[in-house]
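Enquirer: Pasting the sequence and the predicted model now:
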Amino acid sequence: MSDLIRIRNDIRRSVNEQIARYPSIEDDQLRDVITEEVLAYEEEQVLSFSEKEQLIVSIYNSMRRLDILQPFLDDDSISEIMINGPDHIFIERKGKMERIRQTFDNRETLENLIQNIVTKVNRSVNETSPIVDARLQDGSRIAVVLPPVALQGPIMTIRKFPDNPLTMEDLTSENSLTQEAATFLKRLVQSKYNIFISGGTSSGKTTFLNILTNYIPSDERIITIEDSAELQIKNKENLIRLEARMDAGMGCEIAIRDLIKTALRLRPDRIIVGEVRGKEALDMLQAMNTGHDGSLSTGHANSAKDALKRLEVMAIEAGDIPLLSIKQQIASAIEVVVQLCRMEDGKRRVLEISELLGLHQDEYETQPLFMYDIASQGLVACAELQHRQKWQMHGGE
C-alpha cells in the first residue's frame, strides 16, 4: 500500500469518527470536515499542496460519490467505464478503449460502491441474484454482475449519457447520417409512423431514440417505459416516465409489459418503449396496433430483417400464439426500421432506413429507403416511401 493510500485511509477513519454523531451531515459540511482533517494530519514528510487537494477530493468521492470512478464520470470525453474486478478498469474515450492505472483499494470497496448505487434506485444485487441493471442519478446506465457468476470479482459497466443530449444536427455534422435522411426521419416522426430502432451493443440506439423524440409535437401526451430510466426527453410538458421495478425478494416485480398495459389506460398519444428484450415485445406490438400511432422503440439486431425476426421470437415467448399471427401483428405495427452500427473507428452511423411493406407468402417484405454506401461513406436514398397515407395526412408531399 502506498503512503498516500495509507494516509487517505487514516484520514477517512478520522473523518468517520468526527461525523458519526451527524448522520445527516450536508455535503458542504462534510467537505469542510475532510479539509480540516487533511490540514491537521501530521507526517514526517509534509504533504504538498497538490497531495492535500488530491486527498480531499479522493476522500469526499469515496464517501459521497463514486470513489475513483468520479473523475471519469465528470470527463465529457469518456462515454463508457468498464470495471473488471477491483484491479482492472477500462474506459472508452472518443470511441477508443484504454486501460487506466487507478484501482480500487480492495474487492470490498468495489462491492460497497455497487451496493450504494443499486440501493439508491430501489434495486438489489447479491449472490442469490447476482445480475442487475440500474442507473445513476444523472441517467447513466449501470450493468452489474457479481460472483459466483463473475469469476474474477464484481463486474460493473457504466454507460454515460451527456448532460446536454445530442441533436440531429450533431449526428449530421459527424457524418452519422445525411441531412436528407435526417429531414426524412423528422417527417416520419411528425407524421406518426411507428419506428423501430435496431442495432448492436453500443451502437447508439437509446441516443438515437432520444433524438427522434425531439420531433414529437409539444401538444401530444407521451409515455415512456424503460427498464432503467435513461431517456432525456426535453421540452415536453405532457410527459409521463415509467420505470420497471425488479423483484427484490418481496414479490413486488413490475415488468415492462405490466407498464405497457398500464400506459394504455393513461390516454397516451405516443408510447415509447426504451428497449424490448423479452415478452413485452407482444404488448408493444399490440399497443402499436390499437391506435397509438407514432410509437417508438429499440432492440438488438444486426439488420432490419433480423430485428423483425427477433421480435417474432420475443413475442412468441409471451404466449401460445401462432407464428403467422405474430408476423401479421409485426407487419401491421412496425412501419419503419432504422438500423444503427458502431464502426471499427468507434463512430456510430445509420446503416439503413427500411420500410416494412407487409407480408408476402408469409415472409416480411421490406424496402430500403436509405442505405449506407461504403464508397461515399454516407447514406444514399434508394427508394420512395410507399405507404404515404400518414405522410400526406400531416402535410407531406
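Expert: Received the coordinates, thanks. Numbering: from 1, shown residues only.

Enquirer: In which helix or strand does residue 325 reside?
Expert: When secondary structure is defined by DSSP states H and E, residue 325 falls within helix 323-333.

Enquirer: Kindly report the domain assignment for this structure.
Expert: For the chain, automatic domain parsing gives the domain ranges 1-64, 68-162, 168-393.

Enquirer: Output the ones you listed as a markdown table; include the columns mean pLDDT.
Expert: Putting those into a markdown table (pLDDT from 0 to 100) gives the following:
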| stretch | mean pLDDT |
| --- | --- |
| domain 1-64 | 79 |
| domain 68-162 | 90 |
| domain 168-393 | 91 |
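
Enquirer: if we can go back for a sec, residues in contact with the helix holding residue 325?
Expert: By Cβ atoms under 8 Å, 6 or more residues apart in numbering, the residues outside helix 323-333 that reach it are 194, 282, 284-286, 288-289, 308, 311-312, 315-316, 356, 358-359, 362, 364. C-beta: built from backbone N, CA, C; applies to glycine.

Enquirer: One more: stretch 356-368?
Expert: Identification of contacts with stretch 356-368 by Cβ under 8 Å, 6+ apart yields 304-305, 308, 324, 327-328, 330-331, 334-337, 352-355, 382-383, 386-387.

Enquirer: swap the cut-off to 10 Å and go again
Expert: Outside of stretch 356-368, the residues within contact range by Cβ atoms under 10 Å, 6 or more residues apart in numbering are 194, 196, 303-305, 307-309, 312, 323-324, 327-328, 330-337, 339, 351-355, 380-387.

Enquirer: Distance from that stretch to the middle of the chain?
Expert: 30 Å (Cα atoms, centre = their mean, to the nearest Å).

Enquirer: Also stretch 105-120?
Expert: 21 Å.

Enquirer: Restricting to C-alpha, output it in CSV.
Expert: C-alpha atoms of stretch 105-120 as CSV (Å, rounded to 0.1, in the frame of the first residue of the first chain):
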residue,chain,number,x,y,z
ASP,A,105,-8.2,-0.5,-2.7
ASN,A,106,-9.8,-3.9,-2.4
ARG,A,107,-12.7,-6.0,-3.5
GLU,A,108,-14.8,-4.9,-0.6
THR,A,109,-14.5,-1.3,-1.6
LEU,A,110,-15.9,-2.1,-5.0
GLU,A,111,-18.7,-4.2,-3.6
ASN,A,112,-19.7,-1.5,-1.2
LEU,A,113,-19.8,1.0,-4.1
ILE,A,114,-22.0,-1.3,-6.1
GLN,A,115,-24.4,-1.8,-3.2
ASN,A,116,-24.7,2.0,-2.7
ILE,A,117,-25.5,2.5,-6.4
VAL,A,118,-28.3,-0.1,-6.7
THR,A,119,-29.8,0.7,-3.3
LYS,A,120,-30.4,4.3,-4.3
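
Enquirer: returning to what we had before: which of the contacts of stretch 356-368 are buried? Put it as a PyMOL command.
Expert: Written as a PyMOL command, the selection of buried residues from the contacts of stretch 356-368, which uses 16 or more other Cβ atoms under 10 Å, is:
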select buried, resi 194+196+303+304+305+307+308+312+327+328+330+331+333+334+335+336+337+339+351+352+353+354+355+385
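
Enquirer: Just grab the bridge partners of residue 296 for me.
Expert: residue 195, residue 272 (DSSP bridges).
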